[in-house]
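Visitor: my questions are about this predicted structure, shown below with the sequence.
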Amino acid sequence: MPLTAGIVGLPNVGKSTLFNAITKSQVEAANYPFATIQPNVGVVEVPDARLDRLSEICQTKKTIYTTFEFTDIAGLVKGASKGEGLGNQFLSNIRLTDAICHVVRCFDDADITHVEGNVDPIRDIEIINLELIMADLQTVENRLSKIERKAMTNKDKEAMAEVAVLKKVQEALEAGKPARSVDLDKDELFLMKAFSLLTLKPMIYIANMSDMEIADPNSNPYYLKVKEFAEAENNQVVPVCAKIEEELSGLDKEEKLEFLQELGIPESGLDKVIKAAYKILDLCTYFTAGVQECRAWTFRKGMLAPQCAGIIHTDFEKGFIRAECFKYTDIDELGSEQAVKEDGKLRLEGKDYEVQDGDVLHFRFNV
């Protein structure tokens, strides 16, 4: 399964322009509210220089990158949770995503209208966050109305536990706080997972700024406000110029690097968003490598070898015997898998091995 993120924001903040850029899709990006009236889904490859190097060493026939799936929905407006605008109709499309990317306008341009009349990133953030909170509150209240009577009447332990955690989350939502601000233990989080609450997901703020400021984001006062807001929430913020990302999307790898160097930008906005998503979701990458195929696989930090094997195929996990393992840094330094073996860097790991970022694995299994 690819890593997934939903893109939200007010109309005309650059959501669809960014979506066009990162997915090389041509969804409509127009200078009027509700230009996006259907949810757009696009999948982009996650660039990884380690996988490129592995493919070079193995002289592989096929290189397969891990992927990141973005869902772009119509711009939300104040009152969306009560039916205003069109974005509320599509919130269901992002309920099953891993994270939410909240695009915030951090540039002035008299030619691009702002649905609220002027640029104020903190106000804009609060509008969207409140709409997500209200949508979640409706979900929680609907569930409580169905389960509370059962819990009270039958003294059902599972129902009572569910009611307890729902009320805890309801209290926070009613106070205007996101569900992720509630201190939930492992069991409570498991119970809440079934409701796919929007405000329980990690939030990545994408500060969309002008091409004149992106090389030095800290020179942008709007960005500094968003950064301070995100840090207070313990969330990530990524500075991006959607216009530049759109230009980059039409270039090959070498041209991209040259263009970024000319602009004084170390990496693209897409790369920064992906890194932020991996960090906030505790995700890592392991590799499988050979002449036929070199491939990157995304896993959650702390997963054991059999679980990582199961990402490839459930049979790999069921019949797991052992994993042949070495570090990417070793094959990068030594130049071949044979050299890794001869240097004693190839290890055999069992069911209790916790897979590390950058591991190159070959699974042995029997079903």
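Guide: Now that the structure is in, tell me what you want to look at. Residues are numbered from 1 along each chain as shown.
Visitor: and residue 195, its phi and psi?
Guide: When read as degrees, to the nearest 10, the backbone of residue 195 gives phi -90, psi -10.
Visitor: now do the buried residues in stretch 336-348.
Guide: Residues 337, 340, 345-346 are the ones in stretch 336-348 that count as buried (16 or more other CB atoms under 10 Å). For glycine as for every other residue, the C-beta is placed from the backbone atoms N, C-alpha and C.
Visitor: how about residue 101, phi and psi?
Guide: phi -100, psi 110.
Visitor: between the buried residues of stretch 336-348, which sits nearest residue 148?
Guide: Closest approach between the buried residues of stretch 336-348 and residue 148, by CB to CB: residue 346, at 57.3 Å.
Visitor: name all residues that make contact with the closest one.
Guide: Going by CB atoms under 8 Å, 6 or more residues apart in numbering, residue 346 touches 324-326, 337, 340.
Visitor: what about it, distance to residue 365?
Guide: As judged by CB to CB, to the nearest Å, residue 346 and residue 365 stand 18 Å apart.
Visitor: residue 7 - that's part of a strand, no?
Guide: Yes: using DSSP: H, G, I helix; E, B strand; the rest coil, the assignment for residue 7 is a strand.
Visitor: please name the nearest non-neighbouring residue to residue 315.
Guide: Using CB to CB, 6 or more residues apart in numbering and skipping residues adjacent in sequence, the residue nearest residue 315 is residue 367, 4.8 Å away.
Visitor: about what we covered before: filter the contacts of residue 346 down to the ones in strands?
Guide: The strands, defined by DSSP state E, take in 324-326 from the contacts of residue 346.
Visitor: pretty sure residue 100 contacts residue 196?
Guide: No: under the criterion of CB atoms under 8 Å, residue 100 is not in contact with residue 196, lying 11.6 Å apart.
Visitor: which one's more surrounded, those two?
Guide: For residue 100 versus residue 196, the count of surrounding residues by other CB atoms under 10 Å is larger for residue 100: 21 against 15.
Visitor: show me what the host helix or strand of the more buried one is packed against.
Guide: Using DSSP states H and E, residue 100 maps to strand 99-105. With contacts taken as 3 or more CB pairs under 8 Å, 6 or more residues apart in numbering; DSSP states H and E, strand 99-105 sits against strand 3-8, helix 121-154, strand 203-208, helix 269-280.
Visitor: who wins for proximity to residue 115 among these?
Guide: helix 121-154 (8.9 Å).
Visitor: for that closest one, the distance to its chain's centre please.
Guide: 23 Å (CA atoms, centre = their mean, to the nearest Å).
Visitor: so which of the ones in strands among the contacts of residue 346 comes closest to residue 183?
Guide: Nearest to residue 183 among the ones in strands among the contacts of residue 346, with distances taken as CB to CB, is residue 325, at 36.7 Å.
Visitor: show the contacting residues for that closest one.
Guide: By CB under 8 Å, 6+ apart, the neighbours of residue 325 are 305, 346-349, 353, 359-362.
Visitor: which ones among those residues map onto helices?
Guide: By the criterion of DSSP state H, membership of these in helices covers residue 305.
Visitor: residue 18 reaches residue 243, doesn't it?
Guide: No: look at residue 18 against residue 243 with CB under 8 Å: they stay out of range, at 9.5 Å.
Visitor: low pLDDT regions in this structure?
Guide: Along the chain, segments meeting pLDDT under 70 span 1-2, 24-39, 74-90.
Visitor: and it, what are its domain boundaries?
Guide: 3-280, 302-365 (automatic domain parsing).
Visitor: got those as a markdown table, with distance to residue 287 columns?
Guide: Listed next are the domains of the chain as a markdown table, based on distance: least, CB to CB, whole Å:
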| stretch | distance to residue 287 |
| --- | --- |
| domain 3-280 | 6 |
| domain 302-365 | 5 |
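Visitor: phi first, then psi, for residue 320.
Guide: The phi/psi pair for residue 320 (degrees, to the nearest 10) is phi -60, psi 130.
Visitor: check contacts around the nearest residue to it once chain neighbours are set aside.
Guide: Nearest non-adjacent residue to residue 320, counting by CB to CB, 6+ apart: residue 306, 4.1 Å away. The contact partners of residue 306, taken as CB under 8 Å, 6+ apart, are 316-317, 320, 351.
Visitor: restricted to helices, list those.
Guide: Per DSSP H, the subset of the contacts of residue 306 in helices is 316-317.
Visitor: format the contacts of residue 306 as a markdown table; extra columns: distance to residue 203 and neighbour count.
Guide: Formatted as a markdown table, the contacts of residue 306 follow (distance: CB to CB, whole Å; neighbours: other CB atoms under 10 Å):
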| residue | distance to residue 203 | neighbour count |
| --- | --- | --- |
| 316 | 34 | 21 |
| 317 | 32 | 20 |
| 320 | 36 | 22 |
| 351 | 36 | 14 |
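Visitor: and which of the contacts of residue 306 is nearest residue 221?
Guide: Closest to residue 221, out of all of the contacts of residue 306 and judged by CB to CB, is residue 317, at 50.8 Å.
Visitor: just to check, the closest one is in contact with residue 303?
Guide: No: using CB under 8 Å, residue 317 is not in contact with residue 303; the gap is 10.7 Å.
Visitor: tell me how far the residue of the chain positioned farthest from its centre lies from residue 248.
Guide: In terms of distance from the mean C-alpha position of the chain, residue 153 ranks first, at 41.3 Å (CA atoms, centre = their mean). Counting by CB to CB, the separation of residue 153 from residue 248 is 60 Å.
Visitor: do the same with residue 359
Guide: From residue 359 to residue 248 the distance is 31 Å (CB to CB).
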